[in-house]
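Asks: Here is the input, now give the coordinates:
(4 chains)
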There are 2 protein chains.
Amino acid sequence: MARASNSKGKTRIQKEKTEQILSAALDIFSAYGFRGATIDQVAEKAGISKPNLLYYFDNKEAVHAELIKRLLYIWLDPLNQLNEEGEPVEEICAYVQRKLEMARDYPRESRLFANEILQGAPRIDTLISGTLKLMVDEKVSVIANWVATGKINDVDPHHLLFSIWSTTQHYADFDVQVRTLTGPKAKDRFEDASKYLDFLFRSALTPRS
Amino acid sequence: MARASNSKGKTRIQKEKTEQILSAALDIFSAYGFRGATIDQVAEKAGISKPNLLYYFDNKEAVHAELIKRLLYIWLDPLNQLNEEGEPVEEICAYVQRKLEMARDYPRESRLFANEILQGAPRIDTLISGTLKLMVDEKVSVIANWVATGKINDVDPHHLLFSIWSTTQHYADFDVQVRTLTGPKAKDRFEDASKYLDFLFRSALTPRS
DNA sequence: GTCTATAGTCGGATAGAC
DNA sequence: GTCTATCCGACTATAGAC
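Replies: Purely as a prediction, here's the structure:
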């Protein structure tokens, strides 16, 4: 019997249901973590029954695995766009902005990822040591080259990336705290963050004359 | 009957057991989140039986609540030390270093906090909008004053704090990822982070002449 | 105070009718 | 394909012996 865990050989109806489920699952998993989320919650949010959900996915793990699989592509895209041929400071600042836009537009994905890492990455360790590490290693050497040729100041490329990820993802992962502390008067926290982060990284990277 | 949830009127034995339980609980809760942690795990790690644990604490929530309560004091201490009378750039850079040391020495506390915020702070919302916000508001106005008098560059105080928190806590919360991506050759990630973060914030804050 | 045994509940997964 | 009903394991919490 055909199972709907992959996208091959499915009818239009099946695809729609699968997407409904995954969207609901992203809501629930990102908000409560893997353990904290229940299939019942996901099914209810997707507007179907629990057994029906389990007709489309073998089990809870399978739903989560599919979400993680899709996450990686969205996740790596902004880093992928970092162009070795571009003007170094501008390239990095543009990367910061793309990452911040991701935190604004895909907060659920950010939190899903954070939940996993925070708990020791039990279900995504191969992803991190595999695809992610490969891409990071590549971009780290690009940045190291910019440092070596004096195009940007002497910073550790790994830690530069960590600081970009953490500062931008913070607005998705710690959103509750950010909103509480900035208060209701703050109009657009992402607008303010955009301006601040651009200044922060530009100041640190632009070579002293 | 005396319950051991608070520290009043307890024997030495009771205090020790309570500390054993809380230390074990910090391990488990920070690693698996509230929902993912089980009392059995905590009891086993503390070297006692589950009913015995529940003799010392009313229930699972009570253990967690006590951890959170204690967390706040450790958490606010580095910010507390920020001295309005000191030299602004040095004060902030010293704060960054203290926060980084906290991430190194108290990673479990950092992850416990992150787990809570990430899932919408269901058990600590009053803490954030209460004590934390009060202290943050106070320090924000100190920083705003430094900006107004030209002692540091024109940055948004809230977002400065967010970037300090996120970059430093990243080394506790995303430790798995950091270690995987920097690789085994990296001797001391905290040493490298210390150097990098000092440069980052110093560059951005030091007033242009 | 600490244990064994167990009650009670929840959640993942399956059976089987339609 | 979708539902109702249900099984079963896991987990919180309590009862009661010692």
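
Asks: got the contact list for the helix or strand where A:F201 lies?
Replies: Element membership for A:F201 (DSSP states H and E) is helix A:189-205. Taking contacts as CB atoms under 8 Å, 6 or more residues apart in numbering or on different chains, the residues outside helix A:189-205 that touch it are A:88-89, A:92-93, A:96-97, A:100, A:103-104, A:152-153, A:155, A:164, A:167-168, A:171, A:178-179, A:182, A:186, B:153, B:155-156, B:158-160, B:162-163, B:199-200, B:203-204. Any C-beta I mention is one placed from the backbone N, CA and C, and that applies to glycine too.

Asks: Can you narrow these down to the ones near DNA strand D?
Replies: The overlap between the contacts of helix A:189-205 and the neighbourhood of DNA strand D (criterion: CB under 7 Å from any atom of the strand) is empty.

Asks: Next, the angle from the helix holding A:F201 to helix B:189-205.
Replies: The directions of helix A:189-205 and helix B:189-205 differ by 100 degrees, with axes from the mean of the first three to the mean of the last three CA atoms, to 10 degrees as the criterion.

Asks: tell me the mean pLDDT for helix A:189-205?
Replies: Looking at helix A:189-205 alone, the average pLDDT works out to 98.

Asks: DNA strand C contacts on chain A?
Replies: Taking CB under 7 Å from any atom of the strand as the contact definition, chain A meets DNA strand C at A:A37, A:T38, A:I39, A:D40, A:K50, A:P51, A:L54, A:D58, A:N59, A:K60, A:E61.

Asks: Which of these has the largest number of neighbours?
Replies: Across those, the neighbour count under other CB atoms under 10 Å in any protein chain shown reaches its highest value at A:A37, namely 21 neighbours.

Asks: quick one: contacts for it?
Replies: Applying CB under 8 Å, 6+ apart to A:A37 gives the contacts A:A25, A:I28, A:F29, A:A31.

Asks: Contacts for the one helix or strand A:I28 maps to, please.
Replies: Under DSSP H and E, the secondary-structure element containing A:I28 is helix A:12-36. With CB under 8 Å, 6+ apart as the test, helix A:12-36 has contacts from A:4, A:7, A:10, A:37-38, A:41-43, A:45-48, A:53, A:56-57, A:60, A:63-64, A:66-67, A:70, A:107-109, A:111-112, A:115-116, A:119, A:123, B:32-36, B:115, B:118-120.

Asks: one more time with 7 Å
Replies: Residues outside helix A:12-36 that contact it (CB atoms under 7 Å, 6 or more residues apart in numbering or on different chains): A:4, A:37, A:41-42, A:45-47, A:53, A:56-57, A:63-64, A:66-67, A:108, A:111-112, A:115, B:32-33, B:35-36, B:119-120.

Asks: Kindly report the same for stretch A:138-154.
Replies: Counting by CB under 7 Å, 6+ apart, stretch A:138-154 makes contact with A:L79, A:L82, A:E84, A:P88, A:V89, A:V155, A:P157, A:H158, A:L160, A:A204, A:L205, A:P207, all of which sit outside it.
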